[in-house]
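Enquirer: Quick one, what's the 3D model for this:
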Amino acid sequence: EKLLEVWFTTKNKSGPECDLRNIPRAALEQMLTIAKCEIISSMSNSHVDAYVLSESSMFLSKRRIVLKTCGTTTPLDCLEKMIWLVKKFTGYDMVEDVFYSRKNFQRPDLQLSPYRSFEREVTTLDKFFVEGAAYCMGNLSR
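Expert: Residues are numbered from 1 along each chain as shown. I've put the predicted structure just below:
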């Protein structure tokens, strides 16, 4: 399981009302294609849009996107598209926080690059977030 959580904000505190749920479904579907999954169904309420994906789930609230995937999905690959969509449709212009986590894979050799190693995943994230920090809980070799 891979979990990508991204929080957004804006420099312009007096600007228009920002909301990640303003991203059109068709645009989200294009983004998820990059991550190698697709929307199966969705539900919404006044706080969150929830999506059942072919490879797990995604949640959009006013400021946060949570993309939870499994299998050989590639959630980090869609970061560039995600940030672009957010800037285009929502009024947000900055990433405030990013959290990415995963457990050790039983068969890392079946994962696509960069998901075969923690170090490569960190390198991918560092391309977008230069002041980030990476932490490993437990043994890297297990």
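Enquirer: Residue 30 against residue 81, yeah?
Expert: Yes - between residue 30 and residue 81 there is a contact at 7.1 Å, judged by C-beta atoms under 8 Å. (Each C-beta comes from the backbone N, C-alpha and C, glycine too.)
Enquirer: Same drill for those two, tell me which one is more crowded.
Expert: residue 81 (17 against 13; other C-beta atoms under 10 Å).
Enquirer: Surely the more buried one is within a strand?
Expert: No - applying DSSP: H, G, I helix; E, B strand; the rest coil, one finds residue 81 to be helix, outside a strand.
Enquirer: What is the helix or strand of the chain with the lowest mean pLDDT packed up against?
Expert: Ranking every helix and strand in the chain by mean pLDDT, DSSP states H and E puts helix 118-128 at the bottom, with a mean of 88. Using 3 or more C-beta pairs under 8 Å, 6 or more residues apart in numbering; DSSP states H and E, the elements in contact with helix 118-128 are helix 79-89, strand 94-102.
Enquirer: What segments of this protein are strands?
Expert: For the chain, applying DSSP state E gives strands covering 2-9, 39-44, 49-53, 56-60, 64-69, 94-102.
Enquirer: Quick check: mean pLDDT of the first one?
Expert: Along strand 2-9, the predicted local confidence has a mean pLDDT of 95.
Enquirer: same deal with the last one?
Expert: The predicted model assigns strand 94-102 a mean pLDDT of 92.
Enquirer: So what are the sheet partners of it and their directions?
Expert: strand 2-9 (antiparallel) (DSSP bridges).
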